[in-house]
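J.: Model the structure of this input:
(chains A and B)
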Amino acid sequence: MRKIFVTEFVSLDGVMEDPGGAEKFVHGGWTMPYWSDEIGKFKFDELLASDARLLGRVTYQGFAAA
Amino acid sequence: MHLSLDGFVAGPNGEIDWIYLEDELFKDGHALIQTADTALYGRVTYQLMESYWPTAADSPTATKHDIDHANWVNPAMKIVFSRSLKKTDWQNTRIVKDHIAEEIAKLKEQPGKNMILFASPSLASTFMNHDLIDEYWFNVNPIILGRGKPLFKDVRSMRKLKLIGSKTYKNGVVNLHYGRN
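T.: Now for the predicted structure:
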């Protein structure tokens, strides 16, 4: 049976809002200083390991616009 | 301090029975307190500790951890931060009512070992807002509580941290050790 995985960027205090900086959140883009090739590889491998993405509207519209 | 994945330090009624423990966690916790000679508590955590540790080592069912921690905490200096607490019966306790940042600055200047703030989520938030914390040791438990006493709810500003180390325990707890950035 297929499994559902959840993948998130999250701050120590549990904030997930606007990790990339496109949503005008006051701390938007807060993951950027921590980006690395290793994380890039992780995100890419993760993408290849699945064949369906489940997204809420906000994230979907963000992805669609990118 | 023990945290759920969603950032709670206790359940809605103060429950702490969800915390994952094992010998290795006790061993590392014990090594950490050996670097310290002072315990800092908020009132709620202090009163919980005061009801247990003075006699914990005397119980016939006392574990090695009970005895080790009792041997450290009973003679240690204990500072409880509270506006309502009037008196305490536990040895070596001082009550601080106000001017927390000034009190901590004074204590840091005095010679001695480190000071450890145990649990006390409200006090920890106050310390974070005053930028008084030099290092954080979080044991993140593999559980989502959904509701409870949140650690970070009242923290008001962003603070970048530096990851000093991390350790994964057999029972699924991950320790995150942060310092100032």
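
J.: quick one, strands of chain B?
T.: B:2-4, B:8-10, B:36-42, B:77-81, B:93-96, B:114-117, B:135-141, B:149-150, B:161-168, B:174-180 (DSSP state E).

J.: now those in CSV, with mean neighbour count and mean pLDDT?
T.: All C-beta spots, glycine's among them, are computed from the backbone N, C-alpha and C. Shown next, in CSV, are the strands of chain B (neighbours: other CB atoms under 10 Å in any protein chain shown; pLDDT from 0 to 100):
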stretch, mean neighbour count, mean pLDDT
strand B:2-4, 21, 97
strand B:8-10, 24, 96
strand B:36-42, 20, 97
strand B:77-81, 22, 97
strand B:93-96, 16, 97
strand B:114-117, 18, 98
strand B:135-141, 18, 97
strand B:149-150, 20, 96
strand B:161-168, 12, 98
strand B:174-180, 16, 97
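
J.: As a markdown table, those strands with distance to chain A would be great.
T.: Formatted as a markdown table, the strands of chain B follow (distance: least, CB to the nearest CB, whole Å):
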| stretch | distance to chain A |
| --- | --- |
| strand B:2-4 | 9 |
| strand B:8-10 | 10 |
| strand B:36-42 | 19 |
| strand B:77-81 | 22 |
| strand B:93-96 | 26 |
| strand B:114-117 | 16 |
| strand B:135-141 | 8 |
| strand B:149-150 | 9 |
| strand B:161-168 | 7 |
| strand B:174-180 | 8 |
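
J.: mind checking which of the ones you listed is nearest residue B:68?
T.: With distances scored as CB to CB, the stretch of the strands of chain B nearest to residue B:68 is strand B:36-42 (13.8 Å).

J.: which other helices and strands contact the closest one?
T.: strand B:77-81, strand B:114-117, helix B:121-129 (3 or more CB pairs under 8 Å, 6 or more residues apart in numbering or on different chains; DSSP states H and E).

J.: Which one, of the ones you listed, ends up nearest to residue A:13?
T.: helix B:121-129 (9.5 Å).

J.: Just give the number of residues close to the residue in chain A positioned nearest to chain B.
T.: Here the residue of chain A nearest chain B is residue A:13; by CB to the nearest CB that distance is 3.6 Å. Residues within reach of residue A:13, counting by other CB atoms under 10 Å in any protein chain shown, total 14.

J.: so what's the residue nearest to it when sequence neighbours are not counted up against?
T.: By the measure of CB to CB, 6 or more residues apart in numbering or on different chains, the closest residue to residue A:13 outside its immediate chain neighbours is residue B:152, 3.6 Å from it. When contacts are counted by CB atoms under 8 Å, 6 or more residues apart in numbering or on different chains, residue B:152 touches A:12, A:13, A:14, B:7, B:125, B:128.

J.: Just the buried ones among those, please.
T.: A:12, B:7, B:125, B:128 (16 or more other CB atoms under 10 Å in any protein chain shown).

J.: leaving aside the residues next to it on the chain, what's closest to the third one?
T.: By that I understand residue B:125. residue B:154 (4.2 Å).

J.: Residue B:5 now?
T.: With CB to CB, 6+ apart as the criterion, residue B:5 has its nearest non-adjacent residue at 5.3 Å, and that residue is residue B:144.

J.: go on, residue B:141?
T.: residue B:20 (5.1 Å).
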